[in-house]
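Trainee: Got a sequence here, can you build the structure:
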Amino acid sequence: MTAVEKVEEQLAALRIARRCVPRQEPAYLLDMDTSRGSQASSSSSSSSSLVAVSCSSPALRLYHRDTLQLLREYRAQPGALSGVRFARTCPSLVFSGCSQGSVQCWDARSASQKPVQVFSGYPSNVFISFDVSCTDLIVCAGTEKVEKDTFLVFWDARGVTDCATANKEPLGVYSESHNDDITKICFHPMEPNLVVSGSTDGLVNVFDINKDNEDDALISTCNSDSSVSSLGWSGEDYKQVYCTTHDEGFCWWDMAQLDTEEPITLLHVLDARESICTENHSLHYLVGGFYHEKAQKLFLLGGTSTGDIHLMSCGRAGLGLVGSLRGGHSASVRCFCWSAADESLLTGGEDAQLLLWKPGAGEGSLTKKAALKIPSSVQKRVRVHSTSLKSRKKCNA
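Mentor: Predicted coordinates:
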């Protein structure tokens, strides 16, 4: 059995190990992240097994990763949350984006309802995406389009714990590379100067933020032909970029081929639902992807409106179904985190449930919670656009 086959077998064997205790106040679970900093110090050991979840309530919740016990909940200024990220070098710090023009940083060791730092945008900014560089030095947030303006806003995140409750002003913005809402931002997992952004304009842009200006910083512009819903890095040294779209398409590019004559598009699937649709396995939507370093393989996660989860492998020949996880969620899954350390999967969705899946696990007597009816106002808007590329360095089809 090859390494890839073994990993695919492990993924197909995932079973529910834990299920969070349902909250009295139901809310969609929209985004999540797990702390993965060093456990060498005593200060980090208490936060080395946390999962942070952003909810539609809106609230930021912290759980113990192994037991799924709710530890605390943060509620700050009003406005929809646009994501959650743990700091990489200091796992006790967790960032949350807010549509009301700020990114907030919280100390996971404290129950205080005041963030330790607020990264404030410009008055018209409505943030719908953000990320933090792998060295925790830079925060970047993407805005909705207001009139004709769409921004990537950057802040210096150094010294975040030394100036409690202080506001930080932006370092600057990129304003020319997207012409519609910036739905996703993802820093490179190893190179802190590289960041990729995706938008409802269909463009996926890769930047080197060490450059002096936006034009020089823009390394490549790829066109997904649709509205970008998720982004990520994959491949050896993470030189590949992939995205999913709001109409369930998938695009995959190799940035290592930019300066060669070879086409950089590895795969472009217009509708993944047609690729995975069989008699027993329907696919309604894509959630996102994760790169499995051990198998050197990119996997996608999708599902059905009734809560089934499908795991798919990505290859240059197309998408393939690896396995389906059933009996967990009762509504659409909206977010997940994959852990390479123990080969486990965390999932959250519109049924307000947080589930931990492990190979061969069994959850015992816990029962499946019924689907929740939550007003459609918390649903993400879906807008699909077709756009032509501007005069940038473009990806070869």
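Trainee: who does His268 bridge with?
Mentor: Cys251 (DSSP bridges).
Trainee: which parts of the helix ranked longest in the chain are buried?
Mentor: The single longest helix within the chain, with elements called by DSSP state H, is helix 3-12. Buried residues in helix 3-12, counting neighbours by 16 or more other CB atoms under 10 Å, are found at 4, 7-8, 10-11. Backbone N, C-alpha and C define where each C-beta goes, glycine included.
Trainee: min pLDDT across the residues you listed, which one?
Mentor: pLDDT across these is at its lowest for Val4, which sits at 88.
Trainee: Verify the stated contact: that one with Ala295.
Mentor: Yes. Between Val4 and Ala295 there is a contact at 4.8 Å, judged by CB atoms under 8 Å.
Trainee: Please, where are all the strands along the stretch 201-350 of the chain?
Mentor: Listed in chain order, the strands of the stretch 201-350 of the chain (DSSP state E, counting those that start in this stretch) span 203-208, 218-223, 228-234, 240-245, 250-254, 265-269, 285-292, 297-303, 309-315, 318-325, 333-339, 344-349.
Trainee: so where's the stretch 251-397 of the chain uncertain?
Mentor: Counting by pLDDT under 70, the stretch 251-397 of the chain shows low-confidence ranges at 278-279, 363-397.
Trainee: returning to that earlier point: can you tell me which of the strands of the stretch 201-350 of the chain comes nearest to Val126?
Mentor: Nearest to Val126 among the strands of the stretch 201-350 of the chain is strand 228-234 (17.4 Å), distances taken as CB to CB.
Trainee: Using CSV, write down the CA coordinates of stretch 133-150.
Mentor: The C-alpha trace of stretch 133-150 is given here as CSV (Å, rounded to 0.1, in the frame of the first residue of the first chain):
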residue,chain,number,x,y,z
SER,A,133,1.4,36.1,8.7
CYS,A,134,3.1,33.0,9.8
THR,A,135,5.5,35.1,12.0
ASP,A,136,2.6,37.1,13.5
LEU,A,137,4.2,40.3,12.3
ILE,A,138,1.6,41.4,9.7
VAL,A,139,-2.2,41.4,9.8
CYS,A,140,-4.1,41.9,6.5
ALA,A,141,-7.8,42.4,6.1
GLY,A,142,-10.0,42.5,2.9
THR,A,143,-12.9,44.9,2.5
GLU,A,144,-16.3,44.9,0.8
LYS,A,145,-16.5,47.1,-2.2
VAL,A,146,-17.7,50.6,-1.2
GLU,A,147,-18.6,52.7,-4.2
LYS,A,148,-15.6,52.0,-6.4
ASP,A,149,-13.1,51.1,-3.6
THR,A,150,-11.9,47.7,-2.5
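Trainee: Tell me which residues of that stretch come out buried.
Mentor: Quick answer for stretch 133-150 (16+ other CB under 10 Å): 133-136, 138-145, 150.
Trainee: Which pair in the residues you listed has the greatest spatial separation?
Mentor: Thr135 and Lys145 (30.0 Å).
Trainee: Now stretch 231-239: average pLDDT?
Mentor: pLDDT averaged over stretch 231-239 gives 97.
Trainee: Residues contacting that stretch, please?
Mentor: The contact list for stretch 231-239 (CB atoms under 8 Å, 6 or more residues apart in numbering) reads 184-186, 188-191, 196-198, 204, 240-243, 252, 254-256, 288-291, 296, 298.
Trainee: Just the buried ones out of those, please.
Mentor: Buried among these (16+ other CB under 10 Å): 184-186, 188-189, 191, 196-198, 204, 240-243, 252, 254-255, 288-291, 298.
Trainee: what pairs with Val204 across the strands?
Mentor: Going by DSSP bridges, Val204 forms beta bridges with Gly198, Cys222.
Trainee: mind listing what it touches?
Mentor: Counting by CB under 8 Å, 6+ apart, Val204 has contacts 196-198, 221-224, 228, 231, 241, 243, 251, 253.
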